[in-house]
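only geometry, no sequence info:
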């Protein structure tokens, strides 16, 4: 906790979180699993990138645009919070592996960890 004369800022000692992007409108087996230390900024970046020509071939943004064209929405939500960077990347790798082994349509290009950050 940080204090000064104006505010008290209570921020987590472990700032990383794990999040998923799934279909908000319809239950299906498509999933994207990500790590970030700034959830709101990352969510806005995903929304911006889905409209960018630069990323139109990326499986995640192609899928998000397909949903939009069908009148459906994607859902971005945190699933684990207050993780260290190592904990977050290790858990991401584990969840991607579990989802792939259980028949999910995993949109991640890499197997997790620090692979392809910032695509």
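Great, that's in hand. Please read all numbers here as calculations on a predicted model, not as lab measurements.

run through the helices of this protein in chain order.
Assigned by DSSP state H, the helices in the chain fall at 39-49, 59-69, 85-101.

can you tell which of those is closest to residue 23?
The closest of the helices of the chain to residue 23 is helix 59-69. By C-beta to C-beta, the value is 6.2 Å. Any C-beta I mention is one placed from the backbone N, CA and C, and that applies to glycine too.

ok and that closest one relative to helix 39-49, angle-wise?
On the basis of axes from the mean of the first three to the mean of the last three C-alpha atoms, to 10 degrees, helix 59-69 is oriented at 70 degrees to helix 39-49.

what packs against helix 59-69?
Here helix 59-69 touches strand 16-23, strand 30-36, helix 39-49, strand 74-83, going by 3 or more C-beta pairs under 8 Å, 6 or more residues apart in numbering; DSSP states H and E.

by contact count, what packs against the last one?
Contacts of strand 74-83 with other secondary structure elements, assessed using 3+ C-beta pairs under 8 Å, 6+ apart, are made with strand 16-23, helix 39-49, helix 59-69, helix 85-101.

for the third one, what is the average pLDDT?
What it means is helix 59-69. Per-residue pLDDT over helix 59-69 has a mean of 93.
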